[in-house]
Structure formats: structure tokens, C-alpha cells
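Undergrad: I need the structure of the sequence given here:
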Amino acid sequence: RELPAVFQEFDLDGNGELKLSEFKAVCETVYGRDSAKMLDIEKMFDFLDLDGSKNISYTEFIAAGLGESVRTEESLKIAFKAFDVCDDNQITRSEFEQVVAKFQLCEQSFAAEGIFSEFDVDENGALDFEEWKAWA
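TA: Predicted coordinates for the structure are as follows:
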């Protein structure tokens with residue numbers, strides 16, 4: 001399914017933003033109320049809520065869909081911001097591993113090694129936005 005349609009499915013009240021209650025309701029349907037994934041649903045929501053507004057905007061939702069091959073400049077910037085824990089316009093290997101581990105995206109050491117060895121062009125131990133775009 002296309003991400004806009006999925007967003008509309010989550011946005012139960014049709015206001016263009018997802019509240020925690022809407023997010024939980026749909027995730028319960030997808031994962032099941034007693035699923036282990038539901039234990040971390042508030043953490044997942046907070047992670048996706050990049051601007052801290054207590055809602056997930058369409059842009060934030062699209063940024064989360066990077067794994068679904070969404071590659072707009074805006075979504076890449078939002079995703080970059082999520083990994084840039086220190087907010088210094090670069091993603092260190094440590095920051096990358098921290099975010100990957102927090103959300104169990106994959107085996108963080110293996111992923112970081114491959115990504116940083118290939119895309120850290122200036123070999124400074126961090127990815128700037130241009131290097132991030134080349135990877136994403």
C-alpha cells in the first residue's frame with residue numbers, strides 16, 4: 001500500500017495528524033493488543049513525533065517510511081534529524097548505533113560498519129547530510 005493511504009487509515013478523525021490514541025488503535029489492529037510490540041508503542045510514537053508536538057504529522061509519518069523507499073528531501077532531513085542525537089548536523093557512528101538499537105531496526109554494529117565504511121566519504125567518523133542522502 002502507498003504511504004498516503006496508510007496515513008489516512010491511521011488518521012481516524014481525518015485532521016491530518018495522528019494522536020497517540022489513533023496510533024495505538026491501528027497498531028493494536030496490526031500487531032494484536034497483547035503483542036510485545038505494543039509495550040513500546042509510546043516510545044515508538046515519541047520517536048516518530050520529531051517536533052515534540054504530541055502528534056505525528058504527515059511529514060513525520062513519511063519520514064518514518066524511509067524503509068519503504070520514500071526519498072523526498074524533506075523526509076530525508078527529518079530522518080537525519082532523528083539520528084542526529086547531539087543536534088550538531090552530523091551523525092556519528094555512536095548516534096547511529098544508539099537509534100538503531102533503541103528501535104531494534106537491525107544489528108547495529110554490522111549496519112554501522114557497512115554504512116560508515118562506504119558513505120563516510122571524508123572519513124571523519126560521522127555522516128553529514130550529503131553523505132546521509134547518498135546512503136538513504
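Undergrad: which SSE is immediately downstream of the host helix or strand of residue 5?
TA: Using DSSP states H and E, residue 5 sits within helix 3-10. Note on helix 3-10: by DSSP H and E, the next helix or strand toward the C-terminus is strand 17-18.
Undergrad: in terms of secondary structure, what does that next one contact?
TA: When contacts are defined as 3 or more CB pairs under 8 Å, 6 or more residues apart in numbering; DSSP states H and E, strand 17-18 packs onto strand 56-57. No exception for glycine: its C-beta is placed from N, CA and C like everyone else's.
Undergrad: so where do the strands sit in this protein?
TA: Assigned by DSSP state E, the strands in the chain fall at 17-18, 56-57, 91-92, 126-127.
Undergrad: weakest of the ones you listed in terms of mean pLDDT?
TA: Among those, strand 56-57 carries the lowest mean pLDDT, a mean of 85.
Undergrad: list the helices and strands it packs on?
TA: Looks like strand 56-57 contacts strand 17-18 (3+ CB pairs under 8 Å, 6+ apart).
Undergrad: show residues contacting the strand it packs on.
TA: Strand 17-18 has contacts (CB atoms under 8 Å, 6 or more residues apart in numbering) with 7, 10, 11, 53, 55, 56, 57, 58, 61.
Undergrad: quick one: contacts for the nearest residue to residue 20 once chain neighbours are set aside?
TA: Distances taken as CB to CB, 6 or more residues apart in numbering place residue 45 nearest to residue 20, at 5.3 Å, with adjacent residues excluded. Neighbour list for residue 45: 20, 23, 24, 56 [criterion: CB under 8 Å, 6+ apart].
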